[in-house]
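Trainee: Whatever this is, show me its structure:
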Amino acid sequence: MTRKIVFYTLLAFLAWAGPAAAAIASLQDALAERVLGRSDAPVTIVEYASLGCSHCASFHKDTLPRIKAEYLDTGRARLVFTDFPFGGPALAASMVARCAPKESFFGLIELFFREQEHWLRAREPIKEIERIARFGGMTEQDVQACLEFQPLLAGVRERAEAASRQHGINSTPTFLIEGTLIVGAQPYEAFRDAIEATLKKKAK
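Mentor: So this is what the prediction gives:
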């Protein structure tokens, strides 16, 4: 999707009156990098994605598995997932995924992408987000506490705004591979070529 970044208020999607005590991630843990691959991999792929973006879902379904098998699992690259949400439901889903235990993050991300049409267009998207969050070990109270966690909301927003300022990110999915931008759900070959070119440079 391509449009100006708009972070709608979450209040329109919340049905609860007050904060709840719940076991969600700390702010530090919630905002920590979410990485697939080895930390010492020579190439870093930064993915800017919105959980409500159909092209992002296509990348995760069709292209990421090939990148993972060829580069992430072999230690030649790592992928850093960065939230760049468009709209209230996508922002809510991003926050919930980050509030879940860290080991559940990518599983939840894949579920949100796989069931995107269902929760994104639901009459009560928060209820559907709650349903998906259960697979990450979160309760309804956990989701409520997460969505009321204002420092996390500010952190996700600030990170996306920084990406826009520093790298000109204005659409999803966008990928930054060691200075090379790839915009849109490009075929596997586009990523392969960029990664291989970077590996060759670093081998010199």
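Trainee: So the residue most central in space within the chain versus Ile195, what's the distance?
Mentor: The centroid of the chain falls nearest to Asp83 when counting by CA atoms, centre = their mean (4.2 Å). According to CB to CB, to the nearest Å, Asp83 and Ile195 sit 23 Å apart. C-betas here are computed from N, CA, C, even on glycine.
Trainee: So which other helices or strands are in contact with the longest helix anywhere in the chain?
Mentor: Looking across the chain with DSSP state H, the single longest helix is helix 150-167. Counting contacts by 3 or more CB pairs under 8 Å, 6 or more residues apart in numbering; DSSP states H and E, helix 150-167 packs against helix 27-30, strand 77-83, helix 88-99.
Trainee: pLDDT below threshold where in the chain?
Mentor: Applying pLDDT under 70 to the chain flags residues 1-22.
Trainee: can you pull out the strands in it?
Mentor: Listed in chain order, the strands found in the chain under DSSP state E are 34-36, 43-49, 77-83, 174-177, 180-183.
Trainee: okay if I get the ones you listed as JSON lines plus distance to His118?
Mentor: Output for those, formatted as JSON lines (distance: least, CB to CB, whole Å):
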{"stretch": "strand 34-36", "distance to His118": "23"}
{"stretch": "strand 43-49", "distance to His118": "18"}
{"stretch": "strand 77-83", "distance to His118": "20"}
{"stretch": "strand 174-177", "distance to His118": "25"}
{"stretch": "strand 180-183", "distance to His118": "27"}
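Trainee: who wins for proximity to Arg134 among these?
Mentor: Smallest distance to Arg134 across those (CB to CB): 19.9 Å, for strand 34-36.
Trainee: Give me the sheet partners of that closest one and which way each runs.
Mentor: Strand partners for strand 34-36, identified by DSSP bridges, are recorded as strand 77-83 (antiparallel).
Trainee: Who are the contact partners of the nearest residue to Arg98 once chain neighbours are set aside?
Mentor: Nearest non-adjacent residue to Arg98, counting by CB to CB, 6 or more residues apart in numbering: Ala30, 4.3 Å away. Listed by CB atoms under 8 Å, 6 or more residues apart in numbering, the contact set of Ala30 reads 24, 98-99, 149, 152, 155.
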